[in-house]
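Peer 1: Sequence first, predicted coordinates after that:
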Amino acid sequence: MNKEELAAQARERVIKSVTKNMHLYGVTPSIGRIYGTLYFHNKPMTLDALKEELGMSKTSMSTGVRTLINLNMVEKVWKKGERKDLYQIKADWYQNFIDLFSIQWRKGSQLNMEALRKSLNELESLLAEETNEEFAEQIKEDIEKVTYAINYFQWLFKVIELFESEEIFNIIEKKQG
């Protein structure tokens, strides 16, 4: 195997690894493949170039790139003289993680907090009116569980803030290059 083939094999191994792990970010393996391809491409690519490189349909390519843009992992760039849209990755993986982590966890946590607060209010109202001791004890246990979950999500919001403010890098340093 010559040097070029070894380099291509090494790149392909990384692309496959990225592809396999993209589910952690809530995206399909094909979108991971787009990201991996853009990562190793040294200049912005058009949808047509990506389509040719990956053998995917232009619709799938467009949907995948749009998803990566929404995840803040890819950006559209302009190049003088180029009439087609060009795309390149945002190469700061630390920021990619922060954006993904923050967006996904904040959204999920907010949904959970809304449900928990509503349930807590309902349970407290039930408890205030309940005369059956046994059922009142069950409600108290439920209130404890819901309160525990609320405390957890309040903690998680603080963790998210550590990432969004980049204070996390005061705790765990970012390695460059």
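Peer 2: Nice, I can see it.

Peer 1: all helices of this structure, in order?
Peer 2: 3-21, 29-40, 47-54, 58-70, 93-129, 133-164, 168-171 (DSSP state H).

Peer 1: who wins for proximity to residue 80 among those?
Peer 2: When these are compared by C-beta to C-beta, helix 47-54 sits nearest residue 80, at 17.6 Å. C-beta here means a position set from N, CA and C on the backbone, and glycine is covered the same way.

Peer 1: Report the rounded mean pLDDT for the closest one.
Peer 2: Looking at helix 47-54 alone, the average pLDDT works out to 92.

Peer 1: which of the residues in it are buried?
Peer 2: Across helix 47-54, burial judged by 16 or more other C-beta atoms under 10 Å covers 47, 49, 50, 51, 54.

Peer 1: Does anything pack onto that helix? Which helices or strands?
Peer 2: helix 29-40, helix 58-70 (3 or more C-beta pairs under 8 Å, 6 or more residues apart in numbering; DSSP states H and E).

Peer 1: Just name the most buried of those helices.
Peer 2: When the helices and strands packed on helix 47-54 are scored by mean count of other C-beta atoms under 10 Å, the highest mean neighbour count falls to helix 29-40 (a mean of 21).

Peer 1: Can you give me the end-to-end span of stretch 73-91?
Peer 2: From its first residue to its last, stretch 73-91 covers 8 Å (C-alpha to C-alpha, to the nearest Å).

Peer 1: what does it contact?
Peer 2: Contact with stretch 73-91 is made by 34-35, 38-39, 41, 43-48, 50, 65, 68-69, 72, 96, 99-100, as judged by C-beta atoms under 8 Å, 6 or more residues apart in numbering.

Peer 1: could I get stretch 7-22 in CSV with only the CA atoms?
Peer 2: Backbone C-alpha positions of stretch 7-22 (Å, rounded to 0.1, in the frame of the first residue of the first chain) are rendered in CSV as follows:
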residue,chain,number,x,y,z
ALA,A,7,-3.5,8.4,4.2
ALA,A,8,-6.9,7.7,2.6
GLN,A,9,-7.4,4.6,4.8
ALA,A,10,-6.6,6.7,7.9
ARG,A,11,-9.1,9.4,6.9
GLU,A,12,-11.7,6.8,6.1
ARG,A,13,-11.3,5.2,9.5
VAL,A,14,-12.0,8.6,11.2
ILE,A,15,-15.0,9.3,8.9
LYS,A,16,-16.4,5.9,9.8
SER,A,17,-15.9,6.5,13.5
VAL,A,18,-17.6,9.9,13.2
THR,A,19,-20.4,8.4,11.2
LYS,A,20,-21.1,5.7,13.8
ASN,A,21,-21.2,8.2,16.6
MET,A,22,-23.4,10.9,15.1
